[in-house]
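Visitor: pasted the sequence and its predicted model underneath.
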Amino acid sequence: MKRILPAILLVLFCTAISSAYDSNFKKMDEGNVSSAYDNDFKKMDENNDGKISKKEYIDTVIKNFNKIDKNKDGFLTKDELQAVGKIDAEKFFKRRGLK
């Protein structure tokens, strides 16, 4: 269990970043990656001190956990995690006119 928790937190954090990038996808396509990173950083930096604290990081993970937990039972199933990956892939291909 101790090894699984960090892996789940990493997946949730990556999902958080992915969700944040989703709103900035057009900017990234135009080559303005720096602006997208800045915007995402600002979203996570709740107290605007230019750093992301452990609390701010955990808050972001919790928000994304709650988004993924579709049945709101406090647990993530394989299906819920796989759905996130599928949705991200579908959005990626759709935006590029490939699907």
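Guide: It's in.

Visitor: how many residues are close by V84?
Guide: V84: 20 surrounding residues under other CB atoms under 10 Å. From N, CA and C alone the C-beta is placed, and that goes for glycine too.

Visitor: same thing with N64?
Guide: Residues contacting N64 under the criterion other CB under 10 Å number 21.

Visitor: number the residues from 778 up from this point.
Guide: Let's use 778 as the start, then, which means that last one is N841.

Visitor: shaky segments in this protein?
Guide: Low-confidence segments of the chain, defined by pLDDT under 70, span residues 778-784, 786-811, 813, 864-866, 868-876.

Visitor: go again with 90.
Guide: 778-821, 837-838, 840-842, 844-845, 847, 852-876 (pLDDT under 90).

Visitor: need the helices for it, in chain order.
Guide: According to DSSP state H, the chain carries its helices in the segments 781-800, 802-806, 810-821, 831-845, 855-872.

Visitor: residues in contact with the residue lying closest to D822 once chain neighbours are set aside?
Guide: When the adjacent residues along the chain are set aside, D822 lies closest to I829, with 5.6 Å between them (CB to CB, 6 or more residues apart in numbering). Residues in contact with I829 (CB atoms under 8 Å, 6 or more residues apart in numbering) are 818, 821-822.

Visitor: and if you look at F852?
Guide: D846.

Visitor: how close does A860 sit to L853?
Guide: From A860 across to L853, the span is 10 Å (CB to CB, to the nearest Å).

Visitor: mutual contacts of the two, please.
Guide: I845.

Visitor: for those two, indicate the residue with more neighbours.
Guide: In terms of neighbours (other CB under 10 Å), L853 is the more surrounded of A860 and L853; the figures are 17 against 13.

Visitor: can I assume that one is in contact with I785?
Guide: Yes. L853 lies in contact with I785 (CB atoms under 8 Å); the separation is 7.0 Å.

Visitor: shared neighbours of these two, anything?
Guide: Shared contacts of L853 and I785, defined by CB under 8 Å, 6+ apart, are absent.
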